[in-house]
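Asker: please work out how this folds:
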Amino acid sequence: QVQLTESGGESVQAGDSLRLSCTDSEHPEHSYSTFDMGWFRQAPGKEREFVARIGADAENTYYADSVKGRFIISRDNAKTAVYLQMNNLTPDDTAVYYCAQSNMWSNRASDYLSWGPGTQVTVSS
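Answerer: Numbers count the residues shown, from 1 in each chain. Here you go, the predicted structure:
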């Protein structure tokens, strides 16, 4: 059973920054580093949407248009962790943010094998 745990979500003002973290407590570094990692978010009453992903090699990244230029995804395989730096936040970024793990280079939530419980980000205007 993969254990992914997100942290770092909180209530902030528009224009603020947050850094989300997600750690994998199940896999050692050598196996964790084989997975692609992604961040998704789900706002109340909306479907879960793709935010960003990063390849196993930590070099390839991809972003949703809505966050491109504001969010940065990174990972530290030695710490079995993935991060999401979120800058210039807006109320539209309010959602529960999830990290997820995949063997596929994909934006689709259905292609991700394991998920964390999520962390709430609330942005006030």
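Asker: for H30, see how far away the residue nearest to the spatial centre of the chain is.
Answerer: Centre of the chain computed as the mean C-alpha position; nearest residue by C-alpha atoms, centre = their mean is W39, 2.5 Å away. Distance, W39 to H30, using C-beta to C-beta, to the nearest Å: 23 Å. Backbone N, C-alpha and C define where each C-beta goes, glycine included.
Asker: list the buried residues in the helix or strand of the chain with the lowest mean pLDDT.
Answerer: The helix or strand of the chain with the lowest confidence, counting by mean pLDDT, DSSP states H and E, is helix 29-32 at a mean of 84. Along helix 29-32, the positions that meet the burial threshold by neighbour count (16 or more other C-beta atoms under 10 Å) are Y32.
Asker: which strands and helices sit next to it?
Answerer: The contact analysis (3 or more C-beta pairs under 8 Å, 6 or more residues apart in numbering; DSSP states H and E) places helix 29-32 against no helix or strand.
Asker: for the closest residue in space to P28 that isn't next to it in sequence, phi and psi?
Answerer: Excluding its sequence neighbours, the residue lying closest to P28 (C-beta to C-beta, 6 or more residues apart in numbering) is T80, at 7.5 Å. Note on T80: backbone dihedrals following degrees, to the nearest 10 are phi 40, psi 50.
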